[in-house]
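1. what's the 3D shape of this:
(one chain, ligands or ions: 2)
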Amino acid sequence: MMKENNMDGYEKVEQYNEKKIESLSKHYENIITELGEDINREGLQKTPERVAKAMQYLTHGYDLDPAEILKGAMFAENHDHMVIVKDIELYSMCEHHMLPFFGKAHIAYIPNGHIVGLSKIPRVVDAFARRLQVQERLTDQIMNCIQETLNPKGVAVVIEAKHMCMQMRGIQKQNSTTTTSSFTGAFEKDSTRKEFIALISHKMS
Ligand SMILES: Nc1nc2c(ncn2[C@@H]2O[C@H](COP(=O)(O)OP(=O)(O)OP(=O)(O)O)[C@@H](O)[C@H]2O)c(=O)[nH]1
Ligand SMILES: [Zn+2]
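-> Ligands and ions are numbered 1, 2, ... in the order given. Sure, this is the predicted structure:
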């Protein structure tokens, strides 16, 4: 059953929209048949519904409000040094092939009177990643959301990801990684950006 939506949408994440699942399942039944399979085969009988639920989960970001997520835990604090959350696992879906791309996000901001609860940063990443995306837009959306909501002195976002559409099909390059980055404010300054890059490159023992 669907629960009522919160301001930020959290409550919805593990809930399935029954109407949507039913309709998606019918479409997947046709797709599986078109692919040449027998939809009545034992192992496939529940597959349309399973796929529908998986797809709803993989795109649940549409039900979330990333700005509200951040606003849920902003605290007045006079800390004016760089805050970095690195190695945030990320799973998204490429909007061209609807195949996964996945990797890590590294995010930093320099507070300007407010800090944000640390868990909210990966939550913002997920809210934008769990949609049909391109890596560049995902990077910019995370940056813009933090900049506009928290109003820090600057935001830096780096995403490193592997795209299944380049590995399982198409050009079939198994080892290529795509890196995208976006910077605002203080991070447009060379020395600040270099400090950030050095800190995300440092491996914890
Ligand atoms: N810039 C960008 N491109 C992406 C991303 N994900 C997938 N793509 C690319 O989207 C492009 C779509 O190109 P098309 O030529 O229309 O599609 P295609 O014939 O399936 O392309 P190939 O993958 O080269 O076989 C491909 O080059 C993909 O590699 C992304 O996050 N960012
Ligand atoms: Zn793709």
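2. the helix or strand encompassing Leu138 vs ligand 1: in contact?
-> Secondary structure assigned from DSSP states H and E places Leu138 in helix 135-150. Yes. Judged by C-beta under 6 Å from any ligand atom, helix 135-150 comes into contact with ligand 1 at 135-136. Every residue, glycine included, has its C-beta placed from N, CA and C.
3. for the nearest residue to His97 once chain neighbours are set aside, what are its contacts?
-> Distance criterion C-beta to C-beta, 6 or more residues apart in numbering; nearest residue to His97, sequence neighbours excluded, is Cys165 at 4.1 Å. Residues near Cys165 by C-beta atoms under 8 Å, 6 or more residues apart in numbering: 94, 96-97, 99, 101.
4. what are the phi and psi values for Cys165?
-> phi -70, psi -20 (degrees, to the nearest 10).
5. just the one 4 residues further on next, same as before
-> Backbone torsions for Arg169, taken as degrees, to the nearest 10, come to phi -150, psi -170.
6. confidence score at it?
-> We have a pLDDT of 97 for Arg169.
7. what's the neighbour count on it?
-> 10 (other C-beta atoms under 10 Å).
8. pLDDT weak spots in this structure?
-> 1-14, 204-205 (pLDDT under 70).
9. how about stretch 159-168 against ligand 1, any contact?
-> Yes. Applying C-beta under 6 Å from any ligand atom, one finds stretch 159-168 touching ligand 1 at 163, 165-166.
10. need those residues in JSON lines (columns: distance to ligand 2).
-> Formatted as JSON lines, the residues of stretch 159-168 next to ligand 1 follow (distance: C-beta to the ion, whole Å):
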{"residue": "His163", "distance to ligand 2": "6"}
{"residue": "Cys165", "distance to ligand 2": "3"}
{"residue": "Met166", "distance to ligand 2": "7"}
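11. residues touching the nearest residue to Gly61 once chain neighbours are set aside, list them.
-> Sequence neighbours aside, Arg130 is the residue nearest to Gly61 in space, at 3.4 Å (criterion: C-beta to C-beta, 6+ apart). By C-beta under 8 Å, 6+ apart, the contact list for Arg130 reads 57-62, 64, 91-92.
12. what residues does this protein put near ligand 2?
-> Contact residues, the chain versus ligand 2 (C-beta under 5 Å from the ion): 94, 96-97, 165.
13. narrow those to those in helices?
-> Taking DSSP state H, the ones among these that sit in helices are Cys165.
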